[in-house]
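Asks: Show me how the following folds:
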Amino acid sequence: MKVLGLSQAFSILAILATVVFFASTASATPIGLVRFDSGAGGVTVGINFVDWTPPVGGSGGTFVVGGGTTLTSALGSPAVGTTGTFLDLSAGTVFPLANFMTFAAVPGLAFDLGFVGPGSANTNCAGLTIGQSCSIFVGSPIILTATSTGTSVALSAGGIARDGTTPSNWQGNFTTQVAGMSPSQIQNLFGCVPGSGGAACTSPSATVQSTYYGEFLATAVPTPEPTSIVLLGSGLLGLALMRRKKA
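Replies: Residues are numbered from 1 along each chain as shown. Just a heads-up that it's a prediction; the model follows:
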């Protein structure tokens with residue numbers, strides 16, 4: 001087995017030290033909680049699209065940064081009360097969707113959308129008791145949960161947050177409340193049949209409009225711990241010194 005020479009071992013340690021240095025200094029990454037709501041706007045949801053408003057239609061809509069937001073980044077932190085933009089979603093949306101969520105007060109900070117859902121495996125929305133859930137068709141990413149006043153609607157989402165430094169992972173949920181309509185009534189509104197896909201829904205042009213709330217958490221992408229790297233380098237140096245001593 002070939003043993004490293006002393007100069008080679010010191011070279012490897014120098015490289016490892018550089019890795020540790022950059023790992024420790026690349027801490028200016030999007031981290032923390034971001035909360036938002038629709039402000040004076042809302043959202044219109046159909047079988048094949050999500051339209052954030054205002055404006056109605058177009059390619060996206062605005063949101064308001066909510067209280068409790070702790071999100072930080074190398075470019076700054078979005079302040080409570082400032083606005084941002086969500087891109088609208090449709091059946092033709094291709095993931096990842098770059099710049100899905102951006103902030104007017106922090107240009108360059110962007111959340112790319114990597115996925116939505118999954119929805120519920122249960123597509124029989126009839127007869128649900130409070131707390132039970134369904135999706136209105138097979139493959140729908142939206143979950144409907146029966147409440148005492150109607151239906152809680154949730155859409156989970158996640159992806160990558162970027163600020164020009166080390167990207168981070170983000171994940172969370174959009175939620176809204178539809179008062180006066182049960183999950184079964186919403187399923188019937190779209191003409192969807194339990195156990196069938198969206199193509200079987202007989203009223204694909206139907207829509208539900210509401211205000212909304214959201215909460216996403218951005219977390220750091222795991223990196224090798226500096227302690228482990230240093231131990232590895234120390235071991236290599238030890239082998240080199242042992243070889244030198246024997247020589």
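Asks: can I see the domain layout of this protein?
Replies: Under the assignment automatic domain parsing, the domains of the chain span 1-28+222-247, 30-220.
Asks: Deepest in the core, which of those is it.
Replies: domain 30-220 (a mean of 17; mean count of other CB atoms under 10 Å). C-beta here means a position set from N, CA and C on the backbone, and glycine is covered the same way.
Asks: can I assume Ser182 is in contact with Ala146?
Replies: Yes. Contact criterion CB atoms under 8 Å: Ser182 and Ala146 qualify, at 6.2 Å.
Asks: quick one, what contacts the most centrally placed residue in the chain?
Replies: Centroid-nearest residue in the chain: Gly158, 2.0 Å away (criterion: CA atoms, centre = their mean). The contact partners of Gly158, taken as CB atoms under 8 Å, 6 or more residues apart in numbering, are Leu113, Gly114, Phe115, Asn169, Trp170, Gln171, Gly172, Phe216.
Asks: Let's see which of the residues you listed end up in strands.
Replies: Counting by DSSP state E, the contacts of Gly158 place Leu113, Gly114, Phe115, Asn169, Trp170, Gln171, Gly172, Phe216 in strands.
Asks: Phi first, then psi, for the residue lying closest to Pro54 once chain neighbours are set aside.
Replies: Closest residue to Pro54 apart from its sequence neighbours, by CB to CB, 6 or more residues apart in numbering: Gly41 at 4.7 Å. Main-chain torsions, Gly41, degrees, to the nearest 10: phi -100, psi -150.
Asks: What pLDDT does the model give Gly41?
Replies: Gly41 carries a pLDDT value of 96.
Asks: what about it, distance to Val56?
Replies: Gly41 sits 9 Å away from Val56, going by CB to CB, to the nearest Å.
Asks: try Gly81
Replies: 23 Å.
Asks: can you check Gly127 too?
Replies: For Gly127 relative to Val56 (CB to CB), the value is 35 Å.
Asks: partner residues bridging the residue nearest to Ser156 when sequence neighbours are not counted?
Replies: Leaving aside its chain neighbours, Ser156 sits nearest to Asn173 (5.0 Å; criterion: CB to CB, 6+ apart). Bridge pairing for Asn173 (DSSP bridges) gives the partners Ser156, Glu215.
Asks: where along the chain do the helices fall?
Replies: Remark: helices assigned in the chain by DSSP state H are 6-25, 183-189, 226-246.
Asks: Output the shortest one in CSV, but only the C-alpha positions, please.
Replies: The one in question is helix 183-189. Presented in CSV, the C-alpha positions along helix 183-189 are these (Å, rounded to 0.1, in the frame of the first residue of the first chain):
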residue,chain,number,x,y,z
PRO,A,183,-65.2,18.9,0.6
SER,A,184,-68.0,16.9,-1.1
GLN,A,185,-69.6,20.1,-2.4
ILE,A,186,-66.3,21.3,-3.8
GLN,A,187,-65.8,18.0,-5.5
ASN,A,188,-69.3,18.2,-7.0
LEU,A,189,-68.7,21.8,-8.1
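Asks: and that helix, average pLDDT?
Replies: For helix 183-189, mean pLDDT is 98.
Asks: For that helix, which helices and strands make contact with it?
Replies: strand 133-134, strand 142-146 (3 or more CB pairs under 8 Å, 6 or more residues apart in numbering; DSSP states H and E).
Asks: got the contact list for the longest one?
Replies: The set of residues external to strand 142-146 that reach it, using CB under 8 Å, 6+ apart, is 45, 117, 119-120, 125, 128-136, 151-156, 182-183, 186-187.
Asks: Would you mind measuring from Ala104 to Thr62?
Replies: Going from Ala104 to Thr62 by CB to CB gives 8 Å.
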